[in-house]
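Asks: Structure of the sequence below:
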Amino acid sequence: MQLFEFASQGFRNLSPDPVSFGAGVTLVTGENAQGKTNLLEAVALLCGQRSFRGSAPAEMALDGERFAIEGLVSGRRGRERIGVTWSREDGRAFTRSGKTAGFREVSELAPAVFLAPEHRELVAGAPAVRRRFLDRLVVGMRPAAGDDLVRYAAALRERNALLARWKATRAAGPDDELAAWTDELAVAGAAVRRHRRAALAAWELEFREFAARAGGDYGEIRVSYTSGSDSPDEIRSACQRLAGLERRRGYSLAGPHRDDLAWTRRGRALAAEASSGEIARTVALARLAEWRSVAAAAGEPPLFGADDFDAGLSEASAEEFFEALPRDAAVLLTTAAPPARWAGRVAAVVEVSQGSVSAPRTLRAVQG
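Replies: Numbers count the residues shown, from 1 in each chain. As a prediction, this is how the structure comes out:
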């Protein structure tokens, strides 16, 4: 997927002026706090994703009320103009060629994978971070599976609202009302677990190859999906066993929203024994494996974006990173380092200053 044009209105500090990108590796440079990460974050939202910083929409809107992002992308289906808007009144909405579209449709038109310093939480953070990684992998590899994710989220939301209401009023309602949402949760939850296992199996083949190539102890890293059964009947039974406790606590205690990914090395938790540098590199390998998995499933190379990609990297590690970058893909890399450091490695450079983005230039033009 190639991103040719991009523009935003009311998104953080970004200027509304249109931005152009070309093929190959584009280096996004500038001093700190100028808007480099904001630009990459806006591209992620345009591609149907959430903020990789974990920011709420109101935090990303300059006025706290609304923003709009639009872009021209090109892939195996040809050129398409897509957009995403958010407002406090209406929430998030997507468009395709000026018409309303769903996030699944936009994700399929604009496949993309992003790497950011915050993604170290994939190994060392809360289980919710790893579940989001799994679900993003599912949607990237099989966009139609997004319907089951949405269906499960809706069932969980309604079931939790019912349990919370019963807890608050200390008066349980009809059992058949809870049973209806339990059935929906069980059926959708079983589908979500199947999608996650299938996506993880394909991703793990690619991850192991990258890890083995990295050498050292990286080849010893293992990733496993810790969950309950894929059977709707067993998810339903788990809910029934926990029903009394759920009513006291006011939320659902069984289902895919309780699952996790376990990262281990020689049987020990990776987060407990790996250095900060090892965790950062492991996450980079995980994202590169995600890119390759999505590319194989989608039949086209997704856009790859990395924020502050060279922070803390030695010259040798940076060279390894460039060697591992996806070939024949649009790549956006942000850095605060002088562009000349990456001579011969990038196709173009754009500079961000106080939210304004320059036109793409060759590195030779920048040096001149």
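
Asks: and residue 46, how far is that from residue 357?
Replies: Remark: distance between residue 46 and residue 357 (CB to CB, to the nearest Å) = 14 Å. Every residue, glycine included, has its C-beta placed from N, CA and C.

Asks: Return the set of buried residues in the longest helix seen in the chain.
Replies: In the chain, assigned by DSSP state H, the helix with the most residues is helix 175-214. Across helix 175-214, burial judged by 16 or more other CB atoms under 10 Å covers 178, 181-182, 184-193, 195-196, 199-200, 202-204, 206-208, 210-211, 214.

Asks: Quick check: next helix or strand after that helix?
Replies: strand 221-226 (DSSP states H and E).

Asks: Would you mind listing where the stretch 251-368 of the chain has pLDDT under the threshold?
Replies: 363-368 (pLDDT under 70).

Asks: Helices along the stretch 251-368 of the chain, start to end?
Replies: Applying DSSP state H, counting those that start in this stretch to the stretch 251-368 of the chain gives helices spanning 270-273, 276-298, 315-324, 363-367.

Asks: winner for burial among those helices?
Replies: helix 276-298 (a mean of 21; mean count of other CB atoms under 10 Å).

Asks: Let me know the angle separating it from helix 315-324.
Replies: 10 degrees (axes from the mean of the first three to the mean of the last three CA atoms, to 10 degrees).

Asks: helices or strands up against helix 276-298?
Replies: When contacts are defined as 3 or more CB pairs under 8 Å, 6 or more residues apart in numbering; DSSP states H and E, helix 276-298 packs onto strand 112-115, helix 121-124, helix 127-141, helix 175-214, helix 270-273, strand 303-306, helix 315-324.

Asks: which one in the protein is furthest away from the centre?
Replies: Distance from the C-alpha centroid of the chain, by CA atoms, centre = their mean, peaks at residue 171 (40.0 Å).

Asks: Got phi/psi on that residue?
Replies: phi -140, psi 110 (degrees, to the nearest 10).

Asks: My guess is residue 8 contacts residue 67. True?
Replies: Yes: applying CB atoms under 8 Å as the test, residue 8 and residue 67 come out as touching, 6.7 Å apart.

Asks: Looking at the two, which has the bigger crowd around it?
Replies: residue 8 (28 against 23; other CB atoms under 10 Å).

Asks: Relative to residue 260, how far out is residue 267?
Replies: Counting by CB to CB, the gap from residue 267 to residue 260 is 17 Å.

Asks: Please identify which of those two sits among more neighbours.
Replies: More crowded of residue 267 and residue 260, by other CB under 10 Å: residue 260, with 16 against 7.

Asks: List the residues that contact the more buried one.
Replies: If you count contacts by CB atoms under 8 Å, 6 or more residues apart in numbering, residue 260 has them with 127, 130, 131, 225, 226, 227.

Asks: Helix, strand or coil: sort out the nearest residue to residue 336 once chain neighbours are set aside for me.
Replies: Excluding its sequence neighbours, the residue lying closest to residue 336 (CB to CB, 6 or more residues apart in numbering) is residue 32, at 5.6 Å. Under DSSP: H, G, I helix; E, B strand; the rest coil, residue 32 falls in the coil class.

Asks: Now do the phi/psi pair for residue 32.
Replies: phi -60, psi 150.

Asks: I'd like to know how far it sits from residue 353.
Replies: 12 Å.

Asks: Pick out whichever of these two has more residues nearby.
Replies: residue 353 (14 against 8).

Asks: correct me, but that one touches residue 34?
Replies: Yes: counting by CB under 8 Å, residue 34 is a contact partner of residue 353 at 5.4 Å.

Asks: and the longest helix of the chain, what does it pack onto?
Replies: Partner elements for helix 175-214 (3+ CB pairs under 8 Å, 6+ apart): helix 127-141, helix 146-169, strand 221-226, helix 232-241, helix 276-298, helix 315-324.

Asks: what angle do the second one and helix 175-214 make?
Replies: What separates the directions of helix 146-169 and helix 175-214 is an angle of 130 degrees, with the same axes, to 10 degrees.

Asks: ok, residues contacting helix 146-169?
Replies: 103-104, 107, 135, 138-139, 172-173, 177-178, 181-182, 184-185, 188-189, 191-192, 195, 246-252, 255-257.

Asks: Which residues belonging to that helix are considered buried?
Replies: Buried-residue list, helix 146-169, by 16+ other CB under 10 Å: 146, 148-149, 151-152, 155-156, 159-160, 162-163, 166-167.

Asks: Adding distance to residue 123 and pLDDT, write the residues you listed out as a markdown table.
Replies: Converted to a markdown table, the buried residues of helix 146-169 look like this (distance: CB to CB, whole Å; pLDDT from 0 to 100):
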| residue | distance to residue 123 | pLDDT |
| --- | --- | --- |
| 146 | 25 | 90 |
| 148 | 26 | 96 |
| 149 | 23 | 96 |
| 151 | 29 | 97 |
| 152 | 25 | 98 |
| 155 | 30 | 98 |
| 156 | 26 | 98 |
| 159 | 31 | 97 |
| 160 | 28 | 97 |
| 162 | 35 | 95 |
| 163 | 32 | 96 |
| 166 | 37 | 93 |
| 167 | 35 | 93 |
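
Asks: Dump those to a markdown table, plus distance to residue 25.
Replies: Formatted as a markdown table, the buried residues of helix 146-169 follow (distance: CB to CB, whole Å):
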| residue | distance to residue 25 |
| --- | --- |
| 146 | 29 |
| 148 | 35 |
| 149 | 32 |
| 151 | 39 |
| 152 | 37 |
| 155 | 43 |
| 156 | 40 |
| 159 | 46 |
| 160 | 44 |
| 162 | 50 |
| 163 | 50 |
| 166 | 55 |
| 167 | 53 |
